Structure formats: structure tokens, C-alpha cells
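Asker: Below are the sequence and a predicted model for it; my questions follow.
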Amino acid sequence: MIKLEKLTKIFDTPGGTITAVDHVDMEVGEGEICVLLGPSGCGKTTNLKMINRLVVPTSGKIFIDGKDTDDYDPVELRRNIGYVIQQIGLFPNKTIEENICIVPDMLGWDRKKSRARAAELLELVALDPALFLTRFPKELSGGQQQRVGVIRALAADPPVMLMDEPFGAIDPINREVIQDEFLKMQQTLRKTIMFVSHDIDEAVKMADKVAIFRDGKLEQCSSPDDLLAHPANSFIADFVGGDRTLKRLRLVKVSEAMSKGAPSVTAESPVADAVKAMEDHGHANVVMVDERKRPRGFVHMNDVRDKKGPVSDHYEALEATVDAREDLRTAVSLMFSNDVTWLACTDADGKYAGYITQRGITHLLGETYNQ
């Protein structure tokens, strides 16, 4: 846990004093990622650097797991905090293994333990230890070097990580891949992380909390969904963008907007049973499932109302289905690409779990805006 109390930093300059951070109060819970956002010069990086005392606060307090950082020796403090910056700073004359093991070696770890840790961390970011441990930084791509920079900060297993635009220099495709790998790693490691970014989309994807700063002051600190649904003021609303509803699609799971308990029929079911199921539930369609309860097609009321025989004689194939664990962005993309207004949803076993509609998505998002 990281807690900031009345944190303030005033710099003396030839032109007078500048308040870079102005009485900031905030808390990041254990295992959470908090992304700091705001315009250039708003105090994001200064806040970050005060936590590991690369910048000394003018006033206020910083606590890590309840302990005042003033009580630490600064060098000892930094050795217990992972720190990742955009300019990775790998040592060119050291192997990847040696780069990862720098802090464990400084802390006097057993060599066998530290080398095993290096191999374990490489696997976490999808780099084969057998191929990469003995390579030098120049033999890696920029994206691979960035991954090594991230896991080097994790090598001594610090409880806290500070990250200053760690993926900012990576091209968009590799950035998405590294973000995904980092989030998978975080699910396992559950570090407490403060993360400076300039990208609202990255913050929405990565953060448990988003803190937005302006002129050194903390304007709002809340979950990404709350930030997008309920910006505290016009500055926040303008900062997160006019497309904030679209950004929320990434944050809501299909299961949250899905209609559950929907009826289904089989290929062998009489058409009359399909019609009755639709009438009983007020539906225009009913999904046809196979023997393993997986959605395979559907029938529409207007097409079968006066028909006879089994459903298999009258069904249409489903253009697409969506896993209920996916986010709404995936569902909307599938709807648009297949020119449909609803999708059958599946559970982890591929079984029919319900359906989702464009109207249902709109209603869900609209409800949370009006709370």
C-alpha cells in the first residue's frame, strides 16, 4: 500500500518558486495499479520520484505499507522499490541475465537463486530463457529490451513498483502486446504499482485507479469506469475525451450486459416449440444449440410462425458468437463486422449462456451515467 498525505513539492527557480505538487492526498491499495495522468508539467513524475526520494518533498508524508519513507535510508528504500522508465537503461556490456540480476546481486542474493529468478521472469514476459539469458541488449528488439527493463525492476521481488511511461517509446502493436503480458504478470505477482502515462486509453486498460492532475493538484482519483461515467468537472471530461462512452466498452464484460436464462431449442425440436418459447419470453429469435449445448443457429419468429417440422429445416447459422468473459468492445466489434444487432453468448465451456444486444449495451451504459 502507498499513501500520500499533504504531499507538496516547491522548486526554487531563477524566476521564483514553482509549486510542482500541491498538497496531494491519495492512496493505492495493495496489489493495485494506479495510473497518473494529466497535461505535461502537472506533477505526475514529481509525485512518482518523491516516493523513492529521487526528489525530496518540501512537506507532507509518504507511507509504504504503513511505514514512513522518512525512516528509510534513501539507498535502501530505492533497492526495495522497482523503478521502470521509458529510457530503459540496460547495461550494454552485460548479458540479459546479468542485467536482470543487478539488484539481487547488490542485495547479496545467492547466485543460484538470482539466476533462477532471472529465468522465471523472462518466462513471465514470453521470452525463452534458453535463448535470451546469454544475449546482450543490442541483440534484442526495442520491445524485447522494454520487457527486460520491466522484469529487471521485479527481480528482487519488491512490494512496490514505480513506472514512468514504461511503454511510451514502443510502437503501437508491440505496446499492446507488452501491456497484455504485463497485466497477465500482475495477476500472478499482485504488486502495488504507480504508473505515469500520457495515454488515457492505456490508463483505462491498465489501471485499477486513475489519478488525474492539473497544475500540481489532484483533480480526481477513481476507478477507470467511474472516471469515464462521472468526471468530477469539465476539465476531467475534456481530458478523457468526447468518446468516453466508447472507452467504457473496454471496461465492461459481456456477462454484465448479457440477458441470461434465455430459452433455446435443438435441431430436433418441433418448430411449434420454438414459436412457443419465443412467445413465452417475448423474443423475436430463439437460439438452436447442439447436443453439447453450444449455439449453432437461430430461428426468427416471422420465418417459422406458420411452419411445421423440426427446427433443423428452418434455422439460420449464427454469423458470430461472443464469450461472456470478453469485454463489450469485442462484442460491439463483432456486431459491426457481421452486420448484426445481437449475439449469442457462450460460457467458458462454449455452452450457450444468453444473448447480448446493441440496445442492451446502450441501456447498461446509460444507466450508469444516470446514477
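Answerer: That came through fine. Residues are numbered from 1 along each chain as shown.

Asker: contacting residues around the residue lying closest to Phe136 once chain neighbours are set aside?
Answerer: Counting by C-beta to C-beta, 6 or more residues apart in numbering, Thr95 is the residue found nearest to Phe136 once chain neighbours are left out, at 6.0 Å. The C-beta positions use only the backbone N, C-alpha and C, and glycine is treated the same way. Thr95 sits next to Leu133, Thr134, Arg135, Phe136 when contact means C-beta atoms under 8 Å, 6 or more residues apart in numbering.

Asker: got those as TSV, with secondary structure columns?
Answerer: Listed next are those as TSV, based on DSSP: H, G, I helix; E, B strand; the rest coil:
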residue	secondary structure
Leu133	coil
Thr134	coil
Arg135	coil
Phe136	coil
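
Asker: and Leu183, how far is that from Phe167?
Answerer: To Phe167, Leu183 is 12 Å away according to C-beta to C-beta, to the nearest Å.

Asker: Looking at those two, which is more packed in?
Answerer: Applying other C-beta atoms under 10 Å to Leu183 and Phe167 shows that Phe167 carries more neighbours, namely 25 against 12.

Asker: residue ranges with poor pLDDT in the chain?
Answerer: 169, 367-371 (pLDDT under 70).

Asker: mind checking the longest helix of it?
Answerer: Looking across the chain with DSSP state H, the single longest helix is helix 172-189.

Asker: And the helix or strand just after it, how far out from the chain middle?
Answerer: Downstream of helix 172-189, the next assigned helix or strand under DSSP states H and E is strand 192-196. Relative to its chain's centre, strand 192-196 lies at 12 Å (C-alpha atoms, centre = their mean, to the nearest Å).

Asker: What are the contacting residues of strand 192-196?
Answerer: By C-beta under 8 Å, 6+ apart, the residues outside strand 192-196 that reach it are 1-2, 28-36, 44-45, 47-48, 51, 159-166, 186, 206-207.

Asker: and that strand, which strands flank it?
Answerer: Using DSSP bridges, the strands paired with strand 192-196 are strand 33-37 (parallel), strand 160-164 (parallel).

Asker: Tabulate the CA atom coordinates of the last one in PDB.
Answerer: Extracted C-alpha coordinates of strand 160-164, given in PDB (Å, rounded to 0.1, in the frame of the first residue of the first chain):
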ATOM      1  CA  VAL A 160       6.100  -1.600  -4.800                       C
ATOM      2  CA  MET A 161       6.800  -0.600  -8.400                       C
ATOM      3  CA  LEU A 162       7.100   2.900  -9.900                       C
ATOM      4  CA  MET A 163       6.800   3.100 -13.700                       C
ATOM      5  CA  ASP A 164       7.300   6.300 -15.700                       C
END
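
Asker: Just name whatever secondary elements the longest helix of the chain is in contact with.
Answerer: Contacts defined by 3 or more C-beta pairs under 8 Å, 6 or more residues apart in numbering; DSSP states H and E place helix 172-189 against helix 111-124, helix 142-154, helix 200-206.

Asker: List the buried residues in the shortest one.
Answerer: Buried residues in helix 200-206, counting neighbours by 16 or more other C-beta atoms under 10 Å, are found at Ile200, Glu202, Ala203, Val204, Lys205, Met206.

Asker: From the contact counts, what lies against that helix?
Answerer: Helix 200-206 packs on strand 33-37, helix 172-189, helix 224-229, helix 244-248, going by 3+ C-beta pairs under 8 Å, 6+ apart.

Asker: now, of the ones you listed, which is deepest in the fold?
Answerer: Mean neighbour count, computed with mean count of other C-beta atoms under 10 Å, is highest for strand 33-37 among these, reaching a mean of 24.

Asker: Contacts made by that one with the rest, please.
Answerer: 2, 26, 28, 44, 47-48, 186, 193-198, 200, 202-203, 206-213, 221, 239.

Asker: ok, 6 Å please
Answerer: Strand 33-37 has contacts (C-beta atoms under 6 Å, 6 or more residues apart in numbering) with 28, 44, 193-197, 203, 206-212.

Asker: same deal with stretch 351-358?
Answerer: 254, 257-260, 262, 264, 287, 289, 293, 295, 324, 331, 341-347.

Asker: which of those are buried?
Answerer: In terms of neighbour count (16+ other C-beta under 10 Å), the buried residues within the contacts of stretch 351-358 are 254, 257-258, 262, 264, 287, 289, 295, 324, 331, 342-346.

Asker: Now, the residues you listed that are in strands?
Answerer: Cross-referencing these against strands under DSSP state E gives Ser264, Val287, Val289, Pro295, Trp342, Leu343, Ala344, Cys345, Thr346.

Asker: okay, the residues you listed in JSON lines with distance to Asp105 next?
Answerer: Converted to JSON lines, these look like this (distance: C-beta to C-beta, whole Å):
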{"residue": "Ser264", "distance to Asp105": "60"}
{"residue": "Val287", "distance to Asp105": "59"}
{"residue": "Val289", "distance to Asp105": "58"}
{"residue": "Pro295", "distance to Asp105": "55"}
{"residue": "Trp342", "distance to Asp105": "58"}
{"residue": "Leu343", "distance to Asp105": "53"}
{"residue": "Ala344", "distance to Asp105": "55"}
{"residue": "Cys345", "distance to Asp105": "51"}
{"residue": "Thr346", "distance to Asp105": "49"}
